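Trainee: predicted model and sequence follow; I will ask about them next.
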Amino acid sequence: QSALTQPRSVSGSPGQSVTISCTGTSSDVGAYNYVSWYQQHPGKAPKLMIYDVTKRPSGVPDRFSGSKSGNTASLTISGLQSDDESKYYCCSYAGTYLLVFGGGTTLTVL
Amino acid sequence: EVQLLESGGGLVQPGGSLRLSCAASGFTFSTYAMAWVRQAPGKGLEWVSSIRGSDTNTYYADSLRGRFTISRDNSKNSLYLQMNSLTAEDTAVYFCAKGVSGDSWVYMDPWGQGTLVTVSS
């Protein structure tokens, strides 16, 4: 399975909104509503931020939201805060009991 | 509080084998799927394998099937990853992760801090 495509980096100022895209194919992102997003601070373990395309685990601020259109999923972070500066990975079920991650996007809060 | 503690990483020669362990606590281990995800130095996340809690069905990344074997011992609250025929491309931090909800293996949280595997002569 091929990795999902994410922009290498995005940036935004505090208080602004940013959107990170995650492009797959009709065999993964486009086929299933099993898309998730993980946040990983440097040297730390990843943390689940979004699952089932749009759902937030308890404890994740509602500033984080997910969506999907066709073969592309998106993570939007509104009201950017300095602590949001991190690396974000999308992940999708790819059929036949396979999972595939995106290459990761570095978010810089200016 | 859920805790996942990986162990077993280290330096291994190309062609060698290694067995990773993950000790779990803070939840009813046998009722949750578990997973291994790896991250090569400076690279992104790569799903390695998952195993369900109830029927121990196992799932693998295509590129690793046949060399890696995931298993669990519910009596010891432990998850394992047996890695054979290792190459330099297997050098990575290996994370153990808990399935989010019951036997669902698609979403993982929380994750352990990882154990580093270095394949080098």
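Mentor: In hand now; what should we look at?
Trainee: and chain B, which residues reach chain A?
Mentor: Neighbours of chain A within chain B, by Cβ under 8 Å from any Cβ of the partner chain: B:37, B:44-47, B:50, B:59, B:61-62, B:95, B:100, B:106-114. Quick note: C-beta positions are derived from backbone N, CA and C, even for glycine.
Trainee: now, the residues you listed that are in strands?
Mentor: B:Val37, B:Leu45, B:Glu46, B:Trp47, B:Ser50, B:Tyr59, B:Phe95, B:Met108, B:Asp109, B:Pro110, B:Trp111 (DSSP state E).
Trainee: return the distance of the fourth one relative to A:Val100.
Mentor: Taking Cβ to Cβ, to the nearest Å as the measure, B:Trp47 falls 7 Å from A:Val100.
Trainee: find the residues that touch each one of the two.
Mentor: Here B:Trp47 and A:Val100 have A:Cys91 as joint contacts, going by Cβ atoms under 8 Å, 6 or more residues apart in numbering or on different chains.
Trainee: coming back round to it: derive a PyMOL selection command for the buried subset of the residues of chain B next to chain A.
Mentor: Burial among the residues of chain B next to chain A is assessed by 16 or more other Cβ atoms under 10 Å in any protein chain shown; the matching PyMOL selection reads:
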select buried, chain B and resi 37+44+45+46+47+50+59+61+95+100+106+107+108+109+110+111+112+114
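Trainee: save the ones in strands among the residues of chain B next to chain A as CSV, and put in pLDDT too.
Mentor: Converted to CSV, these look like this (pLDDT from 0 to 100):
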residue, pLDDT
B:Val37, 98
B:Leu45, 97
B:Glu46, 97
B:Trp47, 97
B:Ser50, 95
B:Tyr59, 95
B:Phe95, 98
B:Met108, 96
B:Asp109, 95
B:Pro110, 96
B:Trp111, 97
